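> below is the sequence, then the predicted model.
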Amino acid sequence: MEEKKQRPILTANCCHCGFTNKFSMPEKAGIVRLKCQNPGCGKDFGVKIEEKVISMGNPSSQNENSTKKEEPLPVVTDVVYKGKTDSSRSMAHLSQERGFFRSPIFHALSLGENTIGRKDNSKSSAIMIDGDATISRRSISITVTESQGGYEYLFTLLEKPKNPVIVNGREYTAPPASFVIFPGAKIMLGKTKLTLTY
């Protein structure tokens, strides 16, 4: 009897805490629902596995006689599962940390695109961060849309940043980068720490 070959291992970063989770590649493209393996998190999220990723791990698509070194499989970053929503909750906002013994600054979000960047009247953003020259003038956007039972928050990197933009522990140094984030997400713009929260 032919031994069944072990499926390749993929990795995906949890959208809640940033922890890198490992899981076996599915046999078909589609949505894979995961539970974060971080003992301190354990929240549900899901990722979209594209056909091109499946084909990379499909033995039938590879030449068995080839001695070519295998290319590393990509990290799956397309988070699509929104988790359970609470219709009684209002729209989330951004909380900006200001150090010890200082109250955070709250930035309201509205439906549609909310651009975020350094305060600069010549190229203004909907949310302008004052006092941090390490942020681009139009760094990111968070687009808010209504979904069944709540809201969805789409993060987008708008331009190549002056310094790496970090979301849940993962660095983004150049567009394109666009994915759904969830309340609890940690965002670092330059030296400024933001949290998407209620």
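Arrived safely, thanks for sending. Computed from a predicted model, the values in this text were never measured in an experiment. Numbering: from 1, shown residues only.

> switch to C-alpha atoms for all contacts and neighbour counts from now on
Noted.

> Val53: what secondary structure?
Secondary structure state of Val53, per DSSP: H, G, I helix; E, B strand; the rest coil, is helix.

> for it, give its distance to Gly30.
As defined by CA to CA, to the nearest Å, Val53 lies at a distance of 11 Å from Gly30.

> of those two, who's got more company?
Taking Val53 and Gly30 together and counting by other CA atoms under 10 Å, Val53 has the greater number of neighbours (18 against 13).

> list the buried residues for stretch 40-56?
Buried positions in stretch 40-56, judged by neighbour count with 16 or more other CA atoms under 10 Å: 43-49, 53-54, 56.

> gap between the two ends of that stretch?
Across stretch 40-56, the straight-line distance between its terminal residues is 33 Å, by CA to CA.

> residues of the helix or strand hosting Ser141 that come out buried?
Per DSSP states H and E: Ser141 is located in strand 140-147. Applying a neighbour-count criterion of 16+ other CA under 10 Å, one finds 140-144 buried in strand 140-147.

> dump those residues to a markdown table, plus distance to Phe101 and pLDDT.
What follows is the buried residues of strand 140-147, written out as a markdown table (distance: CA to CA, whole Å; pLDDT from 0 to 100):
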| residue | distance to Phe101 | pLDDT |
| --- | --- | --- |
| Ile140 | 28 | 96 |
| Ser141 | 29 | 96 |
| Ile142 | 28 | 96 |
| Thr143 | 31 | 95 |
| Val144 | 31 | 92 |
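
> next helix or strand past the strand holding Ser141?
Counting by DSSP H and E, the next helix or strand C-terminal to strand 140-147 is strand 150-157.

> how about the buried residues of strand 140-147 in CSV, adding distance to Asn21?
Formatted as CSV, the buried residues of strand 140-147 follow (distance: CA to CA, whole Å):
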residue, distance to Asn21
Ile140, 26
Ser141, 26
Ile142, 25
Thr143, 26
Val144, 27
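
> Ile116 and Met128: what is the separation?
As for Ile116, its distance to Met128 is 6 Å (criterion: CA to CA).

> so those two - more neighbours on which side?
With other CA under 10 Å as the criterion, Ile116 and Met128 differ in neighbour count, and Ile116 comes out ahead with 24 against 18.

> my read: Ala177 touches Lys160, true?
No: applying CA atoms under 8 Å as the test, Ala177 and Lys160 come out as separate, 10.4 Å apart.

> mind giving me the domain split of this structure?
In terms of domains, the chain is parsed into 9-53, 93-197 (source: the TED database).

> pick out the shakiest of those, pLDDT-wise.
Of all these, the segment with the smallest mean pLDDT is domain 9-53, scoring a mean of 81.

> who's in contact with the strand holding Ser141?
For strand 140-147, contacts defined as CA atoms under 8 Å, 6 or more residues apart in numbering pick out 109-117, 151-159.

> re the thing from before, let's have the buried residues of stretch 40-56 in JSON lines, adding secondary structure and distance to Lys186.
As requested, the buried residues of stretch 40-56 are arranged in JSON lines below (DSSP: H, G, I helix; E, B strand; the rest coil; distance: CA to CA, whole Å):
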{"residue": "Lys43", "secondary structure": "coil", "distance to Lys186": "15"}
{"residue": "Asp44", "secondary structure": "strand", "distance to Lys186": "17"}
{"residue": "Phe45", "secondary structure": "strand", "distance to Lys186": "16"}
{"residue": "Gly46", "secondary structure": "strand", "distance to Lys186": "18"}
{"residue": "Val47", "secondary structure": "strand", "distance to Lys186": "19"}
{"residue": "Lys48", "secondary structure": "strand", "distance to Lys186": "22"}
{"residue": "Ile49", "secondary structure": "strand", "distance to Lys186": "24"}
{"residue": "Val53", "secondary structure": "helix", "distance to Lys186": "28"}
{"residue": "Ile54", "secondary structure": "helix", "distance to Lys186": "30"}
{"residue": "Met56", "secondary structure": "helix", "distance to Lys186": "32"}
